[in-house]
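how would this look folded up:
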Amino acid sequence: MTTLLGYEWRAIVEHALSGLGLPLMLAFLFLGAFRNLGKSPSSDRAQQIMLICFFALFAIGYAINSYLFEQDQAVTGVYGGAARGYFQYQQWYADLVGMGLAAGYMFWDLATHRRQPNHSFKPTPLRGAA
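Coordinates of the predicted model:
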């Protein structure tokens, strides 16, 4: 299905999706690893701050790594081949757009989480489940 887009647009979509998914997945993975901070009422707020910090750390690292990878392809070579001779800005911008969408989702999720009555990141049981 992605062959209908052509090589360049397919690469742009792949970069946008990886920019969207990778920092979010890593941030939630690390949040899950450090979930048990204590039983104090401020524990959820601390988890929200940790989530923001983890996301920022992974997003900045991903943006720098993506830039260096595109720069390396332009100067050194592409997968063992000759150097392109130009920087593919559209792919790097797609990474940044994906990370912007991920950041928007994360902050939207945190904002709606504050409006929930129990303010807990723990999964709630289904109604009728024992």
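
how many neighbouring residues does A63 have?
When neighbours are defined as other CB atoms under 10 Å, A63 has 16 of them. Where you see a C-beta, it was placed from the backbone N, CA and C, and this is true even at glycine.

quick one: residues contacting it.
Going by CB atoms under 8 Å, 6 or more residues apart in numbering, A63 touches D95, L96, M99.

how much space separates it from D72?
Distance, A63 to D72, by CB to CB, to the nearest Å: 15 Å.

got the buried residues for the worst-scoring helix or strand of the chain on mean pLDDT?
Ranked by mean pLDDT, DSSP states H and E, the weakest helix or strand in the chain is helix 7-33, scoring a mean of 80. By 16 or more other CB atoms under 10 Å, the buried positions in helix 7-33 come out as 11-12, 15-16, 18-20, 22-24, 26-28, 30-31.

what about I49, how many residues nearby?
Neighbourhood size, I49 [other CB under 10 Å]: 12.

the longest helix in the chain is where?
helix 43-75 (DSSP state H).

give me the nearest residue to V78, chain neighbours excluded.
Using CB to CB, 6 or more residues apart in numbering and skipping residues adjacent in sequence, the residue nearest V78 is R84, 5.9 Å away.

next up, the contacts around A27.
A27 sits in contact with L51, F54, F55, F58, M106, where contact means CB under 8 Å, 6+ apart.

ok, now with 10 Å
M50, L51, I52, C53, F54, F55, A56, L57, F58, A59, A102, M106 (CB atoms under 10 Å, 6 or more residues apart in numbering).

tell me which residue is most central in this structure.
P23 (2.6 Å; CA atoms, centre = their mean).

is it true that that one touches C53?
No: with contact defined as CB atoms under 10 Å, P23 does not count as touching C53 (11.9 Å).
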